[in-house]
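J.: Compute the structure for the input listed below.
(one chain, ligands or ions: 1)
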Amino acid sequence: MTGPLASAVLPEGLRWDADRGRLKVRDPRLADIVLRDPHIITGVDHGKSARAGALPPPGESPTITQFFELWYTVGEHYPRFNTELRRAFTARVVGAFDTAFRDEADRCVAAMPPHGDLARDYLSPYFMHSTFLLIGVPPEQWPRLTKVARLVIHLFKQQLLGVTEYGEKQAAAFATAMHYLKRLTDQMLTGPGEEPFLLAARDLATIDASTWPIAALVGQLLMAGIEPMIVGSSIACRDIWSAPHLRDAIRDATVDVTDLAEEVLRQHPPFGNIFRFVTEPCDCLGVPLPAGTIVAIDVAAVNLHRTPAADPARGCPVRPSEVLTFGRGTHYCLGAYSARIQVAAGLRQLVRGRADLRLDLAGTRIDTHNNLKEVRAIPYRIGGGDAR
Ligand code: HEM
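T.: The predicted structure is shown next:
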């Protein structure tokens, strides 16, 4: 793609990515402007999309495309959902789940086979279950919801890759998954659970005549949170098992694991870029930007611009508010506080509970090609023998 930006002289910290046709932002000051600028927005203008929020006809489930359009972040009720949900995800509220997360991590550590894949055999069940705990899913539903979450996560990743056409078989599997998700949501809304998320969801369920928006919200939270936590923890495990002093620091509690993980994620953020779109021509970045320009903020470059990478055994050298790993401004990650606690509990209990765990670092594959990094393999062995 060519355009005026391809040949413009750009200010320091901006680069035109000709291959992908987008403007790269690598400077913290310019990133801040992008994230607060009213001319530069997220994918859909809230409340202005005629399709966003359309409910499926009675008795039917949303198609895959409709499901993504039901996300609260693109719907007209975003401000109300945002206010209500933020209350259920504050540091204090999610901090109350810390012990439950540790217990769940211990259970998943104990259930690990003697060898296998760390993402599949430990990180995935742990992050699924700890998220189910947080949003109040009854434990007897965990196995089935895990399957549904896997399907939804797969479709989300496909969507990130630009896939919008789906085969008949996939559409049918999706319809079954959606009907289940809706039944489960209705059960949770009318059930005895009192988790802060459920209290918020009951309130939000009064906005629409149908509970599909709440079922979509549950699906969205599973999708938005679980995969980046698996990716972030896999990267942290790779680093921890590459450097024995990091394992010692966790075991001896000379570092707060939350801080250690913060530094690993500062250096290797699960989402490589934060995307925005110019809706009205503007020159807020010091160069005329035509409407329609795609802006990609390079998260790692911004994170490391002022303070270079440090030894994670010493924690993170900057304050969490200076890190872009979880975004900034209006769309700051809803699950940032819970993700930090969940990741820290998962790493701490693994290091302490499996002193004889070894990773096959040569066989570990973490693909950084797509915007959300992807764990392909992270082979492990407990006890003697070759980790391969
Ligand atoms: C290590 C794990 C995670 C990372 C790296 C991460 C990263 C991010 C980033 C960068 C954004 C901002 C996107 C933008 O501005 O365009 C975001 C937004 C969001 N995240 Fe997370 N996230 C993580 C975990 C979670 C979890 C556990 C949840 C579940 C509650 C979650 C739910 C959301 C939601 C709903 C938004 C949209 C917020 C809004 O638009 O108001 N995330 N996340």
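J.: can you dump the C-alpha coordinates of the worst-scoring helix or strand of the chain on mean pLDDT into PDB?
T.: The weakest-scoring helix or strand in the chain, judged by mean pLDDT, DSSP states H and E, is helix 4-7 (a mean of 80). C-alpha atoms of helix 4-7 as PDB (Å, rounded to 0.1, in the frame of the first residue of the first chain):
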ATOM      1  CA  PRO A   4       1.200  10.200   1.400                       C
ATOM      2  CA  LEU A   5       2.800   8.700   4.500                       C
ATOM      3  CA  ALA A   6       4.900   6.300   2.500                       C
ATOM      4  CA  SER A   7       6.900   9.300   1.100                       C
END
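J.: For the remainder of this discussion, apply numbering that starts at 10.
T.: New numbering, starting at 10: the last item is helix 13-16.
J.: I'd like the next helix or strand past that helix.
T.: Using DSSP states H and E, the helix or strand that follows helix 13-16 in sequence is strand 23-26.
J.: Quickly run through the sheet partners of that next one, with directions.
T.: Taking DSSP bridges as the criterion, strand 23-26 pairs within the sheet with strand 31-34 (antiparallel).
J.: Let's see the helix or strand following the partner strand as CSV, backbone CA atoms only.
T.: Remark: after strand 31-34, the chain's next helix or strand is helix 37-45, criterion DSSP H and E. C-alpha atoms of helix 37-45 as CSV (Å, rounded to 0.1, in the frame of the first residue of the first chain):
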residue,chain,number,x,y,z
PRO,A,37,6.1,6.7,24.5
ARG,A,38,5.1,10.3,24.1
LEU,A,39,3.5,9.7,20.7
ALA,A,40,1.9,6.5,21.9
ASP,A,41,0.2,8.5,24.7
ILE,A,42,-1.1,10.9,22.1
VAL,A,43,-2.5,8.1,20.0
LEU,A,44,-4.2,6.5,22.9
ARG,A,45,-5.9,9.7,24.1
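J.: Tell me the confidence at whatever residue of the stretch 260-397 of the chain ends up closest to the ligand?
T.: Residue of the stretch 260-397 of the chain nearest the ligand, by Cβ to the nearest ligand atom: residue 344 (2.3 Å). Where C-beta positions appear, they are placed from N, C-alpha and C, glycine not excepted. In this model, residue 344 is scored at 98, pLDDT.
J.: which SS class is whatever residue of the stretch 60-209 of the chain ends up closest to the ligand?
T.: Nearest to the ligand, among the residues of the stretch 60-209 of the chain, is residue 82, at 4.2 Å (Cβ to the nearest ligand atom). Under DSSP: H, G, I helix; E, B strand; the rest coil, residue 82 falls in the helix class.
J.: Measure how buried it is and give me the count.
T.: As a burial measure, residue 82 scores 17 neighbours (other Cβ atoms under 10 Å).
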